[in-house]
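S.K.: Coordinates only, no sequence provided:
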């Protein structure tokens, strides 16, 4: 038996060999290279540059805006989305499952498309400008509303998923003992929901703190987050020292947020009396509940559906499909190829990135299946989340700096783009597959081993049939994330092979109605592809509690 245990431990370390090598070469090395390039002089680390950069007034303004807009976006998202979480958790109404999928569409959209949608709604010549002369682009309100649009589903699904499983009889018991509705909710339900609310708030804060595409498109030259400033310092000013310092600041802040998030997740694992979500939902009762349902539906229609509808409407001109037809022509200015080629490029890159993410993430998930794994394995589990928080701009520019010399001279290779996209897809694959793998009864694997099956055959015949659907869901998430990756891809996509998000950003950066219309057309195509991928994932999901 000890030999089998030893063989199992060695097999887990063997499975981790590829994921560890992948993250070391394509994540740690590029990030370290760009930080070292900015903070080293004559082979010596110049840490005094940290103070020099952080004392600059412009940098302090960026830090302040990044922090307060993230806090404001988080507070506004919770204020608007918590009623929606309650409605999806406690009310039963026709079309609920479809509407749940619809509110998740903005979350899987690339941030470039989110910014484009709000530009069509509230920018120059947008719907609000035409109807009432109101423009919100280059204002902080456009950024805050776009962040709510993007993160609404995070709160609805994270908080609503737990809320739907809380036993309502506990709150009813408090009311029978004389507590008012508000007191019962405050003393019984809120403490149970607090960890989920905190986890959702931390995720929203993380996404908005590292916001790039939304701020770049809607903020204009007036507003800049850390991510946007890193991009500006590396591409426009060529100040790698400032970019490196800002990268370290963002990395430290994100690490702290992820640590707090891990703590809230552990708190959510405390014992709660949970019930089947299907038995807690009921039809609204009374005028107040019907008004709440109507208010949430109106909020979804105005805040989530209207920007997408305006985006689609702006992709057509007076004569119909002229903007779509223009995508097939090569203008020689913005691109070296017709813009429509970006569709095929994005799909092919996303397929390769998905294959890489499923291979690397799948091996990591199998190795992490046992909860009694060693300290190294548990530490690597935590490190898998870092690509979601580290600046994608830093990773992309690090690719250009680090991977341009033998034996890793990949700068001119097409594989660079899917490698960068796979970095973001791997955490989604691991987080999707790991809970399902851990739910497989270990006695089935032991029985297969006793009957002489090798670890590979035991996994193929025991685990794989049970996790096949989770594997498909993981691949779908990796595909959607890869399709919309922008921060790193904008650095490494070749001019003759642009991706959809890069093509949209370049078109928006050029004047003229034709370029604007083509950007709307490409954004609409990207939105449709992401929405279809999400709807397929919803059909494949086995977990219907509402969480991601």
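M.R.: Alright, I've got the coordinates. Treat the numbers as computed from the prediction; the structure is a model and nothing was measured. Numbering: from 1, shown residues only.
S.K.: ok, now how distant is residue 289 from residue 525?
M.R.: 40 Å (CB to CB, to the nearest Å). Quick note: C-beta positions are derived from backbone N, CA and C, even for glycine.
S.K.: meant to ask about residue 86, not that
M.R.: Residue 86 sits 35 Å away from residue 525, going by CB to CB.
S.K.: again with residue 100
M.R.: Look at residue 100 and residue 525: by CB to CB, they are 24 Å apart.
S.K.: neighbour-wise, which of those two wins?
M.R.: Using other CB atoms under 10 Å, the more surrounded residue of residue 100 and residue 525 is residue 525, with 20 against 17.
S.K.: Flag every buried residue along the helix or strand in which that one is found.
M.R.: Using DSSP states H and E, residue 525 maps to helix 513-540. Neighbour counts over helix 513-540 (16 or more other CB atoms under 10 Å) mark 514-527, 529-531, 533-534, 537-538 as buried.
S.K.: same check, this time on stretch 218-225
M.R.: 218, 219, 223, 224, 225.
S.K.: Compile these into TSV and extend it with columns for pLDDT, secondary structure and distance to residue 25.
M.R.: Listed next are the buried residues of stretch 218-225 as TSV, based on pLDDT from 0 to 100; DSSP: H, G, I helix; E, B strand; the rest coil; distance: CB to CB, whole Å:
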residue	pLDDT	secondary structure	distance to residue 25
218	86	helix	35
219	82	coil	34
223	86	coil	35
224	88	coil	31
225	89	coil	29
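S.K.: Can I get those residues in a markdown table including distance to residue 368?
M.R.: Putting the buried residues of stretch 218-225 into a markdown table (distance: CB to CB, whole Å) gives the following:
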| residue | distance to residue 368 |
| --- | --- |
| 218 | 39 |
| 219 | 39 |
| 223 | 40 |
| 224 | 38 |
| 225 | 33 |
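S.K.: just so I have it, where are all the helices in the stretch 51-200 of the chain?
M.R.: Assigned by DSSP state H, counting those that start in this stretch, the stretch 51-200 of the chain shows helices spanning 57-90, 96-108, 111-122, 127-132, 140-163, 168-176, 181-184, 190-209.
S.K.: Relative to residue 474, which of those is closest?
M.R.: helix 96-108 (14.0 Å; CB to CB).
S.K.: pLDDT averaged over the closest one - what is it?
M.R.: Helix 96-108 carries an average pLDDT of 81.
S.K.: same question, stretch 392-399
M.R.: Across stretch 392-399, the average pLDDT comes to 83.
S.K.: now swap in stretch 321-338 and tell me
M.R.: 78.
S.K.: got the end-to-end distance for it?
M.R.: 16 Å (CA to CA, to the nearest Å).
S.K.: what sits against residue 304?
M.R.: By CB atoms under 8 Å, 6 or more residues apart in numbering, the residues touching residue 304 are 102, 103, 105, 106, 149, 152.
S.K.: where's residue 340 relative to residue 308, distance?
M.R.: Distance from residue 340 to residue 308, by CB to CB: 21 Å.
S.K.: cool, residue 469 as well?
M.R.: From residue 469 over to residue 308 the distance is 29 Å, taken as CB to CB.
S.K.: cool, residue 352 as well?
M.R.: For residue 352 relative to residue 308 (CB to CB), the value is 28 Å.
S.K.: same question, residue 127
M.R.: 12 Å.
S.K.: Have a look at those two and say which one is more surrounded.
M.R.: Remark: of residue 127 and residue 308, residue 308 carries more neighbours, 23 against 18, as counted by other CB under 10 Å.
S.K.: Next, the contact list for that one, please.
M.R.: With CB under 8 Å, 6+ apart, residue 308 has these contacts: 105, 106, 117, 527.
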